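A.B. asks: Curious how this folds, go ahead:
(2 chains)
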There are 2 protein chains.
Amino acid sequence: MRRLHVRVYLLTALFAAGACGVLEGQSSSIVEHYRGVADRIIDAALADSSAYERLALLVDKFGHRFSGSDNLERALDWILEEMRRDGLENVRGEEVMVPHWVRGSESVELLQPRHRDLPMLGLGGSVGTPPEGVTAEVLVVSSFEGLEARRDQAEGKIVLFNVPFTTYGRTVQYRGRGAVAAARAGAVAALLRSVTPHSLQTPHTGAMGYSPGVRRIPFAAVTVEDAELLQRLQDRGERVVVRLKMEAQMLPDAPSRNVIAEVVGSEHPEEVVVLGGHIDSWDVGQGAMDDGGGSVAAWEAVRLIQRLGLRPRRTLRVVLWTNEEIGLRGGRAYRDAHGDEVQNHVLAMESDAGVFKPSGFGFSGSDEAFAIVAQVGRLLDRIEAGTVTRGGGGADIGPLMRAGVPGMGLRVEGSRYFWYHHTDADTIDKLDPREMALCVATMAVMVYVVADLPERLPRAN
Amino acid sequence: MRRLHVRVYLLTALFAAGACGVLEGQSSSIVEHYRGVADRIIDAALADSSAYERLALLVDKFGHRFSGSDNLERALDWILEEMRRDGLENVRGEEVMVPHWVRGSESVELLQPRHRDLPMLGLGGSVGTPPEGVTAEVLVVSSFEGLEARRDQAEGKIVLFNVPFTTYGRTVQYRGRGAVAAARAGAVAALLRSVTPHSLQTPHTGAMGYSPGVRRIPFAAVTVEDAELLQRLQDRGERVVVRLKMEAQMLPDAPSRNVIAEVVGSEHPEEVVVLGGHIDSWDVGQGAMDDGGGSVAAWEAVRLIQRLGLRPRRTLRVVLWTNEEIGLRGGRAYRDAHGDEVQNHVLAMESDAGVFKPSGFGFSGSDEAFAIVAQVGRLLDRIEAGTVTRGGGGADIGPLMRAGVPGMGLRVEGSRYFWYHHTDADTIDKLDPREMALCVATMAVMVYVVADLPERLPRAN
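C.D. replies: Numbers count the residues shown, from 1 in each chain, chains lettered A, B, ... in the order given. From the prediction side, this is the model:
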C-alpha cells in the first residue's frame, strides 16, 4: 500500500508541476486535469446513435459471423474498409487460422412416450451422429454427482444433464465437461439443458469439450422446457426415448483475421493501450450482443477520439479478435504475433458482457494501477459508469493478461445477458442506442486517459 | 342503486332471520355466514399441488389439443374418465362439430438482401400457398393507415404489418383484419409481426379472418426481431424479397365435445352455476396456460367442493369448452344445446387469462348482483384474491352472457401472459403450483357461495 500512495502522489505531482507542456495551468489531480476532455468525449458519444447504427448495419448486412464462415470474412473485409474510411491508422488484418466446425442439419425427436420434435442446437465442437441418428432411452440427471449415483443405469443411454441455471460459471461446466462425463458412464450421446435462466423454448449453443482417451459422443442442447418435460416423464416412471441426429463435423482449420486499427500515440507510439471485443459469433442470431456490440463500441470509442482530434501520448489500438467462441485462437494469436511488443502494452480492455447500461469496469492489475484507474473512473461518475472494482478482464485479453498486461473488462447491467446468449435471439433489437453510446463513452474516456497519463500504468512488479 | 340496496338488505335479512335451516345461529352477513366454509375450501386448495400436477399430467401426456386433432379427442376421453373416477356427477361429452384447419409444412425465407430462414407460424384459418410458395418483394407498414398511405406500392407485394405491441386488443386487430386489408391493397400475401411485448425469436400464431368478396391471401406471423429487421432493411432502401410457403388448408368440420361434470344442487338442482375454461389449444406448445390451466383449475374447484362433502343449493357445473381458439363453436353449441335451461343459469364463470396469481374477478351483470359477488369477494381477501371489478367474462361464456346470464372472468397477474400466448413456449413450467392452487381456491369459493346463497343471483331485469 505504501508504494501505491507514492505512485499516485508522484502522478499528481507531475500534473501539479506542469511537467508536460499541455498540462500547464491545469489543476493538480487526474480528475481535474482530464475533466474537460472527458466531458467532450462523453458529450460527443451521447450526441447521436452512431455506434448502434453501425452495429445494426453490420449485423443486418452479414448476420452471424461464425469462425470459418464466409459471413465472418466478408464482415471483416467491410470493417477494414470502414476503418480506413474513418481515417484510423495502421488498419490491418492479422491472419489467424481458426477451427472450422460446421453444424449441418440436426434434430432431436422425442419418440416415446409420444412423438415430438424438440427445439435444439448441437454444441460447438461436437461430433455428429451416424446418418440414421442415435436412438436410445434417456437418463435424466441434474448434476455430475447425480450421474455418478446412477452410473449403472447410464450404459447405452442418452444422458440429459437437466441442471437449473444458478450462475453461468457453475452451470456452464456441464456444457464443457458433460460429454466426457456421460461417455465415461457408458452413454452413447448426451443432451444439455440450455444454460439460461429464461426460455421461450429457446435452445442455447456454446462450446463443449472432449478428453483424450474418452470416447467422443455427440452432445446437443435442448430447451429448459423440454429438459423439465423429460425430467417429469422420468419421475413418473415413463420410458423416454429420443433420436438425436447431427451432421456436425470439424473441417480443416480456416483462415481468419484479427482486425486492428490505431490512433498512434504522440509521445510514446510504441506504448499501446489495446481495447476490443471479439468479432466472431455463434452461428445463430446476429451476434449483436455477443459480441458485435462490444466490438463496435471499442471501435467507435477509438473513432470518436480520432474524430475529436485527440491524440494521446500512447497509441490506442482497437483489436477485433476472431474465434473467441470456439477456440480462442484470435486472443492467442494476437499475443504471439506481438511478441516483445506485449511488454509495451500498458492496458488491455475488453467488452464482452453486452453493451447494456455500463456501470464501470472490473480491473486486474497492481494496487498502484488500480488506484489510478479508480481515479479515472471519477470522470465517468456523471454517467453512473465510474465504478472500478477488483477482478475483471476478458477471454480475448486473457493471453495478454497472463503475460503481465493489466486487464480490464467493461461492466454492464447484466440481468438479461443470458436470456439471449448464444441463441437465435441475440439480435440488435435487444440493445438500446443510448446504452450503447454510454458504453462507447465509458470505454473512450478510460482508454484515452490511461493512454495519455504522463506515466504509464504500473505493472504488478 | 335503490333496488340494489334493497336486494342486498333482503339477502342479509334472510341470513339474519335464519330463513333456512342451515343458517340458524349464523351471523347476519354473507361474509360471516360463509367464512367457515370458505376457509375450509381455501385451506384444502392450498394443502397440495394437485391442480398443477393434474395439469402437468394432462399436457405432458397429450401435448397441445388443437381443434380436429386426435390429441384433443384423446385428452377429452381421459378427462371424462378422470372426472368419473373423481366421483363427479352427470359426467358427459356433448358433441360439437368444429372447424378443422391443418397447418402442414410452412416456411418464410428471406431471399434478398441475403438468405435466411425466418422463424414463423401460419395464422389459423389462412389459406395455403401454391407448392412453390409465393415469392415477392415485401412492403413493411406499421398500421392500417400506413398501408393506406402506401397503397400504390402494395400491388403484387407481400405486406408485413410491423405493429408494435401496445394492448392485446389494439394490436390483435392486425391479425384479425390484416389479410383483408392487404388483399384489398393488391398484396399477394401478408405477414404479421407476432402479437407480443417480448420475444426470443418467438412466433405467435392465432386466428385470422377473411371477408366475403375479398381475395383470400395467405397470412403468417414472423417474430418481432424479424419484423424489425425487415423494417430496418426497407428504411435503408434495400429491396427485401421473401418466399412464403404454407400447406395450410381447411378440412371438413370434425367432431369434438364440450366436457361437462357436476355437483348437483341440493335444493334447486335445476339452477346452475357454470364455470370452466376452454380445453382446446393452439397446435403449438402444450396449451398449459391457454387454457389447460383455466380448464383444470375450474375442474379442480368443483372436485374440491365435492371432495369436502359440500353440496350447495344449486348445481355446480364445470364445462370444458372445445374450439375456443379457432371458431368458438364450443361456447355457441353449449348455449344452443341448453336452450331453455340457460334461463336457469345463475352465473357463468370463465378462467382464460392464465392461472397466475389471482386478484379476483371481473363481473358483468346487474348492480344488485355485483354488490353480492363483491361481498363474496371479501371471503377471498385473506389470499388477496377478493377484488371484484366491473366488466369481465370470457369468450366461451359470451353466448350465455348475451342470453342474459351474469358473467365473470378470473383476474390474474398478467405481466407475462402474452410472452407465452399461442407459442411453443406455452408449457407447464411457466406456471406455479401455489399460484394455480390460489386460482382453484378463488374460483371454488366464489362459485360455491353463489350456488348456495338463499336467493339466486339477480339478473339485470
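
A.B. asks: A:Val273 is in contact with A:Asn344, correct?
C.D. replies: No: using CB atoms under 8 Å, A:Asn344 is not in contact with A:Val273, being 10.3 Å away. C-beta here means a position set from N, CA and C on the backbone, and glycine is covered the same way.

A.B. asks: which bits of chain A sit near chain B?
C.D. replies: Selection of chain A residues close to chain B by CB under 8 Å from any CB of the partner chain yields A:56-57, A:60-63, A:113-114, A:116, A:119, A:198-202, A:224-225, A:228-229, A:232-233, A:236, A:285, A:419-420, A:423-425, A:427, A:429.

A.B. asks: Return the subset of the residues you listed lying in strands.
C.D. replies: A:Arg116 (DSSP state E).

A.B. asks: picking up where we left off before, with neighbour numbers in mind, choose between A:Asn344 and A:Val273.
C.D. replies: More crowded of A:Asn344 and A:Val273, by other CB atoms under 10 Å in any protein chain shown: A:Val273, with 31 against 16.

A.B. asks: How about the contacts made by that one?
C.D. replies: With contacts defined as CB atoms under 8 Å, 6 or more residues apart in numbering or on different chains, A:Val273 is in contact with A:312, A:314-317, A:345-347, A:349, A:447, A:450-451.

A.B. asks: Give the bridge partners for it, please.
C.D. replies: Under the criterion DSSP bridges, A:Val273 forms beta bridges with A:Leu316, A:Leu347.

A.B. asks: mind listing what the residue nearest the centre of chain A touches?
C.D. replies: The residue at the geometric middle of chain A, judged as the C-alpha nearest the mean C-alpha position with CA atoms, centre = their mean, is A:Asp352 (3.3 Å). By CB under 8 Å, 6+ apart, the residues touching A:Asp352 are A:277-278, A:290-291, A:294, A:324, A:394-396, A:409.

A.B. asks: A:Gly133 too?
C.D. replies: For A:Gly133, the contacting residues are A:107, A:243-245, taking CB under 8 Å, 6+ apart as the criterion.

A.B. asks: State the three-state secondary structure for the residue lying closest to A:Ser211 once chain neighbours are set aside.
C.D. replies: Here the nearest residue to A:Ser211 in space, its sequence neighbours aside, is A:Val180; by CB to CB, 6 or more residues apart in numbering or on different chains that works out to 4.7 Å. Under the three-state scheme (DSSP: H, G, I helix; E, B strand; the rest coil), the conformation of A:Val180 reads as helix.

A.B. asks: just the helices in the stretch 1-150 of chain A please.
C.D. replies: Counting by DSSP state H, counting those that start in this stretch, the stretch 1-150 of chain A has these helices, from start to end: A:2-16, A:30-46, A:50-62, A:70-86, A:144-149.

A.B. asks: would you turn those helices into TSV with mean neighbour count and mean pLDDT?
C.D. replies: Compiled in TSV, the helices of the stretch 1-150 of chain A are given as follows (neighbours: other CB atoms under 10 Å in any protein chain shown; pLDDT from 0 to 100):
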stretch	mean neighbour count	mean pLDDT
helix A:2-16	15	51
helix A:30-46	19	97
helix A:50-62	22	98
helix A:70-86	17	98
helix A:144-149	15	98
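
A.B. asks: As CSV, those with distance to B:Glu435 would be great.
C.D. replies: As requested, those are exported to CSV (distance: least, CB to CB, whole Å):
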stretch, distance to B:Glu435
helix A:2-16, 54
helix A:30-46, 42
helix A:50-62, 38
helix A:70-86, 44
helix A:144-149, 28
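
A.B. asks: Between these, which one is closest to B:Tyr174.
C.D. replies: Using CB to CB as the criterion, the shortest distance between B:Tyr174 and those is 23.8 Å, found for helix A:50-62.

A.B. asks: Only alpha carbons, please: show the closest one as CSV.
C.D. replies: As requested, the backbone C-alpha atoms of helix A:50-62 are provided in CSV (Å, rounded to 0.1, in the frame of the first residue of the first chain):
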residue,chain,number,x,y,z
SER,A,50,-23.8,6.2,-34.5
ALA,A,51,-22.4,3.2,-32.6
TYR,A,52,-25.8,1.5,-32.6
GLU,A,53,-26.4,2.3,-36.2
ARG,A,54,-23.1,1.0,-37.3
LEU,A,55,-23.7,-2.3,-35.3
ALA,A,56,-27.2,-2.6,-36.9
LEU,A,57,-25.7,-2.1,-40.3
LEU,A,58,-23.0,-4.8,-39.6
VAL,A,59,-25.3,-7.4,-38.2
ASP,A,60,-28.1,-6.8,-40.7
LYS,A,61,-25.8,-7.0,-43.6
PHE,A,62,-23.8,-10.0,-42.6
